[in-house]
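*Asks:* Coordinates only, no sequence provided:
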């Protein structure tokens, strides 16, 4: 329902402006219909209300570039929205944004898939050489929900390409990957790597409902929790995160 989704997005933006996090990242599916001009305009209108002092980063989802992306759908996204894979610095975080739809289904864009993988390796080298405390991967599709050995299903990346990318991430000791796509929250582990799937702003499939995942970065690690819209916190406070998590 476009009206309900618009209302949820407005509330999410108001919450961001109230809490003033270090940055905001949208984990894909910025619109429902790929290339729909009206939905793109509405997304930009509401996202444009975010306090300009808060950096905003966007991730391409399958509803943004198509379930089977083509050179044309990628070009359209880059024209309307911007880069579909890139890196950024946010304090102690070196963020790497990937276009996981190309990883999920590279059938029509094999050269784009290969280029992104080569870029990822180069970017991980840069991140390793930097002073960043945490290197974090952000993308739309999770590599897995519960286990890196799980079979292919709606929510995850097929095992062949999952294994190839996870091996690269393990080589660089990456500990955090954040994704969306599944419309409900989960956290899985593959050795030291934590695969976090975040619930949606709209159209939830899980009991937690619609909401926002909030994270706090410490020198030791990144702690995070998904908050439903009915339980938004008063502030981004570590003590509140864990007193509520235990309640």
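*Replies:* Thanks, I have it. Everything quoted here is computed from the prediction, not taken from an experiment.
*Asks:* Which parts of this structure are strands?
*Replies:* 24-26, 56-58, 86-90, 93-97, 134-138, 176-179, 186-190, 193-197, 211-217, 222-228 (DSSP state E).
*Asks:* So in this protein, where's the weakest helix or strand by average pLDDT?
*Replies:* helix 238-245 (a mean of 42; mean pLDDT, DSSP states H and E).
*Asks:* got a list of contacts for stretch 208-226?
*Replies:* With Cβ atoms under 8 Å, 6 or more residues apart in numbering as the test, stretch 208-226 has contacts from 8, 12, 15-16, 19, 21-22, 91-93, 133-134, 136, 175-176, 178, 184-185, 196, 198-204, 227-233, 236, 238, 241-242, 244-245. Quick note: C-beta positions are derived from backbone N, CA and C, even for glycine.
*Asks:* between the strands of the chain, which gets nearest to residue 79?
*Replies:* With Cβ to Cβ as the criterion, residue 79 lies closest to strand 56-58 of those, at 13.8 Å.
*Asks:* so what pLDDT did residue 204 get?
*Replies:* For residue 204, the pLDDT comes out at 70.
*Asks:* Can you report how many residues neighbour the closest residue to it other than its chain neighbours?
*Replies:* Spatial nearest neighbour of residue 204, excluding adjacent residues (Cβ to Cβ, 6 or more residues apart in numbering): residue 210 at 5.1 Å. Residue 210 has 21 neighbours, counted by other Cβ atoms under 10 Å.
*Asks:* do you know how far residue 210 is from residue 78?
*Replies:* Distance, residue 210 to residue 78, by Cβ to Cβ, to the nearest Å: 29 Å.
*Asks:* How about residue 144?
*Replies:* Distance from residue 144 to residue 78, by Cβ to Cβ: 28 Å.
*Asks:* pretty sure residue 108 contacts residue 70?
*Replies:* Yes - shown here, residue 108 and residue 70 form a contact pair, counting by Cβ atoms under 8 Å, at 4.6 Å.
*Asks:* what about this structure, any weak spots by pLDDT?
*Replies:* Scanning the chain with the threshold set as pLDDT under 70 gives 1, 237-247.
*Asks:* Compute the inter-axis angle for the lengthiest helix in the chain and strand 93-97.
*Replies:* Longest helix of the chain, by residue count under DSSP state H: helix 110-129. When axes from the mean of the first three to the mean of the last three Cα atoms, to 10 degrees is applied, the directions of helix 110-129 and strand 93-97 differ by 180 degrees.
*Asks:* what's in contact with helix 110-129?
*Replies:* Contacts of helix 110-129 (Cβ under 8 Å, 6+ apart): 69, 71, 74, 85, 87, 94, 96, 98-99, 102-103, 106, 135, 164-165, 168-169, 172, 174.
*Asks:* repeat that with 7 Å
*Replies:* For helix 110-129, the surrounding residues in contact (Cβ atoms under 7 Å, 6 or more residues apart in numbering) are 74, 85, 87, 94, 96, 98-99, 102-103, 106, 135, 168, 172.
*Asks:* Distance to residue 26 added to the residues you listed, as a markdown table?
*Replies:* Below are the contacts of helix 110-129 laid out as a markdown table (distance: Cβ to Cβ, whole Å):
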| residue | distance to residue 26 |
| --- | --- |
| 74 | 18 |
| 85 | 15 |
| 87 | 16 |
| 94 | 19 |
| 96 | 16 |
| 98 | 14 |
| 99 | 14 |
| 102 | 18 |
| 103 | 18 |
| 106 | 23 |
| 135 | 20 |
| 168 | 24 |
| 172 | 25 |
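*Asks:* Buried among the contacts of stretch 208-226? Need that as a selection in PyMOL.
*Replies:* Buried subset of the contacts of stretch 208-226, written as a PyMOL selection, criterion 16 or more other Cβ atoms under 10 Å:
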select buried, resi 8+12+15+16+19+21+93+134+136+175+176+178+184+185+196+198+199+200+201+202+204+227+228+229+232+241
